[in-house]
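1. Following is a predicted model, sequence given first.
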Amino acid sequence: MKSYRKELWFNVPTRRAFINITSQVEDCLGESGVREGLLLCNAMHITASVFINDDEPGLHQDYEAWLEKLAPHEPVGQYRHNVGEDNADAHMKRQVMGREVVVAVTGGRLDLGTWERVFYGEFDGRRKKRVLVKIIGE
Ligand code: ZN
């Protein structure tokens with residue numbers, strides 16, 4: 001069985017952003033040489049997400065508005081976690097959007113649905129963060 005591991009680095013200049021990382025994940029799969037197996041992709045930080053959905057800007061604005069309704073950033077004083085930092089909302093947004101995705105690898109390709117794309121969701125950016133890609137198979 002082949003095994004592959006890589007860390008992707010992000011330094012998002014804004015507090016929040018959604019970034020399509022599908023091509024980076026596909027590059028990892030190409031490097032791995034795996035043709036049949038499973039690919040795991042997860043955020044290595046508790047204020048960022050990896051998720052799969054549509055690459056449509058309106059949807060991403062809807063996510064932003066929805067997440068701000070669920071866990072507004074301001075006022076930061078409403079959260080107990082904000083002791084020496086102001087990212088309680090980012091922890092909650094990450095929880096809702098998820099930590100990781102697992103994608104089947106078939107014939108050396110990501111076995112995604114027609115409109116499925118892999119995204120990095122940043123909720124407390126402006127610093128370096130990592131995403132892990134782990135691929136196993138043959
Ligand atoms: Zn925190």
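-> Great, that's in hand. These numbers were taken from a predicted model, which means no experiment stands behind them.
2. Going along the chain, name the helices of the chain.
-> Secondary structure of the chain (DSSP state H): helices at 22-32, 57-70, 88-97.
3. Switch the ones you listed over to JSON lines; also include mean pLDDT and distance to residue 128.
-> Where you see a C-beta, it was placed from the backbone N, CA and C, and this is true even at glycine. As requested, the helices of the chain are exported to JSON lines (pLDDT from 0 to 100; distance: least, CB to CB, whole Å):
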{"stretch": "helix 22-32", "mean pLDDT": "98", "distance to residue 128": "16"}
{"stretch": "helix 57-70", "mean pLDDT": "98", "distance to residue 128": "22"}
{"stretch": "helix 88-97", "mean pLDDT": "98", "distance to residue 128": "15"}
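4. And those: which comes nearest residue 116?
-> For the helices of the chain, proximity to residue 116 was assessed by CB to CB; helix 22-32 is nearest, at 8.6 Å.
5. Can you list the buried residues in that closest one?
-> Residues 22, 24, 25, 26, 28, 29, 32 are the ones in helix 22-32 that count as buried (16 or more other CB atoms under 10 Å).
6. I figured residue 109 hits residue 29, correct?
-> Yes. Using CB atoms under 8 Å, residue 109 is in contact with residue 29, at 7.4 Å.
7. center of the chain - which residue?
-> Geometric centre of the chain, nearest residue: residue 50, 1.9 Å, by CA atoms, centre = their mean.
8. Let me see the contact set for it.
-> Shown in contact with residue 50 (CB atoms under 8 Å, 6 or more residues apart in numbering): 21, 41-43, 98-101, 118-121, 131.
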